[in-house]
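A.B. asks: Following is a predicted model, sequence given first.
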Amino acid sequence: MDSIERTAKTVDDAVAEALKVLGASKEDVEITVIEAGSKGVFGFGSKPAKVLVTRKFDPQEVAVRFLREVALAIGISVQVEVNAKDKHLYINMSGSNMGVLIGKRGQTLDSLQYLTNLVVNRCGVPEISVVLDTENYRKRRRETLESLAISLAKKVKATKKNVVLEPMSRYERHIIHTVLQHDRFVKTFSEGTEPYRNVVIAPK
């Protein structure tokens, strides 16, 4: 529960009730007074106070809590380190058996990253982007794809025939395109539909 409305005789009483339900302190919430309330005259015409109390949103806290819950659900324990820069959260996970979170060619890691972005953005901060990594996988995968792109480009130059790569995520396709974008002898383009879209390296 992230927000709650409460009615009481006074604003302070209404806020106190809302904080009790949320299990939060005043420093953790934002308070909106909907009705200030009034005492009336000689006890007649009095109106109760009404407030809306909303828990302050911390994207880092939301992301970390979600990742730990996922890890717990699949039976592993992770340590989560967050580095916030501009409007990005760079999150590194460490622990034993991290291969489970990486999956085949990083598919599980990519899916978990997508879900984490959804969870964070659902809380009202869609401009924040979450990037997940573990065991330096992203860097190692990038280096592998860069080497693959250069090697296959040489093959295309030699055979003058197209080479079709296996389906990849948009991020990985972008790596291939970027590595070969200035090559004078080959060109790249993507074909197919998600999630089976792939890169084609062709002679110019």
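C.D. replies: On my side now, so go ahead. As the structure is a computational prediction, the values presented were derived from the model and not from experiment.
A.B. asks: what secondary structure does Lys161 sit in?
C.D. replies: Put simply, Lys161 is coil when judged by DSSP: H, G, I helix; E, B strand; the rest coil.
A.B. asks: Neighbours of it, how many?
C.D. replies: Other residues near Lys161 number 10, with proximity taken as other Cβ atoms under 10 Å. In this view, the C-beta of every residue, glycine as well, is placed from N, C-alpha and C.
A.B. asks: Can you report phi and psi for it?
C.D. replies: According to degrees, to the nearest 10, the main-chain angles of Lys161 amount to phi -120, psi 150.
A.B. asks: nearest residue to the residue nearest the centre of the chain other than its sequence neighbours?
C.D. replies: Centroid-nearest residue in the chain: Asn117, 2.2 Å away (criterion: Cα atoms, centre = their mean). Spatially, and ignoring its direct neighbours in sequence, Asn117 is nearest to Val130 (4.9 Å; Cβ to Cβ, 6 or more residues apart in numbering).
A.B. asks: ok now the helix or strand containing the one you found, how far from the chain's centre?
C.D. replies: Assigning secondary structure by DSSP states H and E places Val130 in strand 129-134. Remark: strand 129-134 is offset 7 Å from the chain centroid, using Cα atoms, centre = their mean, to the nearest Å.
A.B. asks: Please apply the same query to stretch 174-181.
C.D. replies: Stretch 174-181 sits 24 Å away from the centroid of its parent chain (Cα atoms, centre = their mean).
A.B. asks: Buried residues of that stretch, list them for me.
C.D. replies: Across stretch 174-181, burial judged by 16 or more other Cβ atoms under 10 Å covers Ile175, Ile176, His177, Val179, Leu180.
A.B. asks: now this protein, which segments are flagged as low pLDDT?
C.D. replies: Applying pLDDT under 70 to the chain flags the ranges 1, 40-45, 123-126.
A.B. asks: Quick check: which element contains the residue nearest to the centre of the chain?
C.D. replies: helix 107-122.
A.B. asks: Check which helices and strands that helix is in contact with.
C.D. replies: When contacts are defined as 3 or more Cβ pairs under 8 Å, 6 or more residues apart in numbering; DSSP states H and E, helix 107-122 sits against helix 59-73, helix 99-102, strand 129-134.
A.B. asks: Give me the helices and strands touching the next helix or strand after the longest one, please.
C.D. replies: Along the chain past helix 59-73, the next helix or strand (assigned with DSSP H and E) turns out to be strand 79-85. Contact here means 3+ Cβ pairs under 8 Å, 6+ apart; on that basis strand 79-85 packs against helix 59-73, strand 88-94.
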